[in-house]
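In: Provided below for reference: sequence and predicted model.
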Amino acid sequence: MIRFDLYCEIGSAFFQEEYQDFTNTIWIEAKSIALNFKHKGQQVSMLRKLGQLLAQVKQWEKAEMVASLINDSEEKAIALQQLGHTLVQAQEWERAKTTLAKAEVAIYEVEESQKKTKIFYELILTLLQIQEWENVVRLIHNLKEDEVKADALRILGLALTKAKQQEDTHTIWIQAEAVAQAIDRSV
């Protein structure tokens with residue numbers, strides 16, 4: 001693990017100093033160390049860290065490739081969703097859409113319902129930032145927990161209102177109200 005941390009730190013330093021040839025070699029070595037690590041939890045942690053470092057230095061393709069190497073479906077989904085969020089923040093819209101679509105696929109592989117819902121919710125929040133209304137609506141309707149669904153509809157309604165999408169806003173508010181009423185009746 002110390003060797004991995006060393007390679008990550010050297011890779012970041014080399015990248016900042018624009019030593020491209022050395023940087024690629026260092027990232028490859030760090031990835032190799034992570035993949036050969038026996039303890040799966042540590043391996044996942046190392047791959048997530050490497051992916052985050054690559055994203056910080058805007059090595060998007062490498063960051064996505066590293067996230068895709070994660071064998072744990074929950075961790076892979078989180079890594080891809082976070083990379084998608086980072087891409088949105090960097091205004092890399094098309095790349096963000098592609099990465100977020102991969103995150104969605106990975107989320108479906110997560111077995112535990114509450115964890116799946118939490119990651120879907122984070123994905124929805126990221127998609128709202130790039131006004132992917134149709135995808136957001138589709139994902140909200142896939143949510144199983146009514147409280148989370150109602151909150152996601154509320155946030156979508158606010159985002160649509162702010163974006164002046166009047167017709168869509170009205171439909172979403174009606175749906176949010178219906179879910180809220182169902183929750184009230186069940187209490």
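Out: On my side now, so go ahead.
In: downstream neighbour of whatever helix or strand residue 161 lives in in the secondary structure list?
Out: For residue 161, the enclosing helix or strand under DSSP states H and E is helix 146-162. Counting by DSSP H and E, the element after helix 146-162 in chain order, helix or strand, is helix 166-186.
In: Show me where the chain has its helices.
Out: Ranges of helices in the chain, per DSSP state H, are 2-16, 20-36, 40-56, 60-68, 73-89, 93-108, 113-129, 133-142, 146-162, 166-186.
In: Check those for me and report the most buried one.
Out: Greatest average neighbour count among the helices of the chain goes to helix 73-89 (a mean of 23), per mean count of other CB atoms under 10 Å. To be clear about C-beta, it is placed using only N, CA and C from the backbone, and glycine gets the same treatment.
In: Output that helix as CSV - backbone C-alpha positions only.
Out: Written as CSV, here are the backbone C-alpha positions of helix 73-89 (Å, rounded to 0.1, in the frame of the first residue of the first chain):
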residue,chain,number,x,y,z
SER,A,73,-20.7,-3.4,-8.1
GLU,A,74,-21.6,-0.8,-5.4
GLU,A,75,-18.1,0.7,-5.4
LYS,A,76,-17.9,0.7,-9.2
ALA,A,77,-21.3,2.5,-9.4
ILE,A,78,-20.2,5.1,-6.8
ALA,A,79,-16.8,5.6,-8.6
LEU,A,80,-18.5,6.1,-12.0
GLN,A,81,-21.2,8.4,-10.5
GLN,A,82,-18.6,10.5,-8.8
LEU,A,83,-16.5,10.7,-12.0
GLY,A,84,-19.6,11.8,-13.8
HIS,A,85,-20.2,14.5,-11.2
THR,A,86,-16.6,15.7,-11.6
LEU,A,87,-17.1,15.8,-15.4
VAL,A,88,-20.2,17.9,-15.0
GLN,A,89,-18.3,20.3,-12.7
